[in-house]
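Visitor: Compute the structure for the input listed below.
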Amino acid sequence: MQKRNCDIGNDYRSRPGKMRMLWLAALVSCCGLLMQVASAQEEQLLPPGMYRLEMIMVSTTRVPLFGSSKSASKSVSLVEIRRDGNSLMQNHRVCDFRVLEDSMMIKMIFPEKFIAALAKHSYPIQLEKDAQGWVYRADLGIERIGYRATGSDDKLPVKIDDPAVFDWDEDGHPGATLKLSIPLLPTGELYIVQRGQSILTGRVVQPGRIEGGIEVRNFDQKVLGAWPGFLAKSPEIEPNVKESRFTLSQIAADSTCDALRGAAAKT
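Guide: All right, here's what the predicted structure looks like:
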């Protein structure tokens with residue numbers, strides 16, 4: 001949130017008793033007024049309500065036996081922004097996820113059950129003013145896919161029978177299932193675990209709309225099993241921060257995931 005300064009002058013401790021009370025009352029009044037003004041500014045820039053969050057993630061994937069390829073994926077999420085006391089809170093859930101760009105040799109497919117199992121996220125957002133305007137920041141937190149956290153040392157499981165691994169997307173296979181399409185071969189399946197954390201940083205380009213980049217704080221993935229078995233090789237994935245981006249834009253209050261999926265299918 002924007003920094004609020006309530007310094008009203010001399011140290012109240014040097015004042016007589018009654019004067020101290022007056023200064024304290026003035027201090028409380030000053031802080032309350034500044035917080036109200038800042039909250040009003042934030043709500044003009046980012047009014048509480050429903051939003052569409054589009055995230056485009058670009059990365060380079062290196063797969064043993066098949067080389068490397070550049071890929072890009074797009075997720076579309078339904079977002080709600082609300083005020084919680086003096087803070088703005090944001091929550092989102094993924095409605096649509098698809099690959100925009102892939103190599104001719106290797107194509108990754110995200111099944112519907114995988115998309116449906118993606119977590120709902122809730123987190124505070126920050127709006128701060130600088131010389132160029134207003135800066136938006138949102139830490140999406142850690143997302144775990146295919147396994148449960150088991151303690152402070154949160155390493156990814158490396159074996160498919162690890163107790164932390166479970167049928168995350170409820171498709172009958174341990175972990176999370178991704179499909180892999182390779183020419184001249186049947187469509188394969190990868191059973192994976194994954195952990196990632198992303199931070200959105202952007203600018204208010206107009207009231208109710210923010211554009212910016214995506215910082216990938218960390219991303220790890222392990223392939224625990226596969227069909228056919230020779231696909232059970234963990235790819236090396238390197239996010240491309242310079243090309244990854246997001247757009248957050250206000251939409252109608254009655255918007256639904258179905259509506260966002262329908263619109264995404266047309267683009």
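
Visitor: separation between residue 80 and residue 116?
Guide: For residue 80, the distance to residue 116 (C-beta to C-beta, to the nearest Å) stands at 19 Å. All C-beta spots, glycine's among them, are computed from the backbone N, C-alpha and C.

Visitor: Of these two, give the one with the bigger neighbour count.
Guide: The neighbour count for residue 80 versus residue 116, taken as other C-beta atoms under 10 Å, is higher for residue 80 (16 against 13).

Visitor: Bridged to that one, which residues?
Guide: Counting by DSSP bridges, residue 80 is bridged to residue 50, residue 91.

Visitor: I'd guessed it sits against residue 51; true?
Guide: Yes. Using C-beta atoms under 8 Å, residue 80 is in contact with residue 51, at 7.4 Å.

Visitor: quick one, helices of this protein?
Guide: Secondary structure of the chain (DSSP state H): helices located at 17-45, 112-117, 257-265.

Visitor: and those helices, which one is worst for confidence?
Guide: When the helices of the chain are compared by mean pLDDT, helix 17-45 comes last with a mean of 57.

Visitor: Can you give me the domain assignment for this structure?
Guide: Residue ranges for the domains of the chain, per automatic domain parsing: 11-45, 49-265.

Visitor: just the ones you listed: most buried one?
Guide: Highest mean neighbour count of these: domain 49-265, a mean of 16 (counted as mean count of other C-beta atoms under 10 Å).

Visitor: Pull the distance from that domain to the chain's centre.
Guide: Taking C-alpha atoms, centre = their mean, to the nearest Å, the mean C-alpha location of domain 49-265 is offset from the chain mean by 7 Å.

Visitor: From one end of it to the other, what's the distance?
Guide: One end of domain 49-265 sits 24 Å from the other (C-alpha to C-alpha, to the nearest Å).

Visitor: Kindly report the same for stretch 156-164.
Guide: Chord length of stretch 156-164, first to last residue, is 9 Å (C-alpha to C-alpha).

Visitor: before we move on, what about stretch 110-129?
Guide: End-to-end span of stretch 110-129 (C-alpha to C-alpha): 39 Å.

Visitor: Which residues outside that stretch are in contact with it?
Guide: Contact partners of stretch 110-129, identified using C-beta atoms under 8 Å, 6 or more residues apart in numbering, comprise 1-3, 42, 45-46, 73, 81, 84, 87-94, 96-99, 134-141, 143, 145, 168-171, 176-179, 204.

Visitor: show me what contacts residue 221?
Guide: 156, 192, 193, 194, 195, 234, 235, 237.

Visitor: Dihedrals phi and psi, the residue lying closest to residue 63 once chain neighbours are set aside?
Guide: Nearest residue to residue 63, sequence neighbours excluded (C-beta to C-beta, 6 or more residues apart in numbering): residue 235, at 4.5 Å. Backbone geometry at residue 235, expressed as degrees, to the nearest 10, gives phi -70, psi 160.

Visitor: pretty sure residue 235 is touching residue 68, no?
Guide: No. Using C-beta under 8 Å, residue 235 makes no contact with residue 68, being 9.1 Å away.

Visitor: which intervals of the chain have sub-threshold pLDDT?
Guide: Across the chain, residues meeting the criterion (pLDDT under 70) sit at 1-42, 64-67, 102-105, 152-153, 267.
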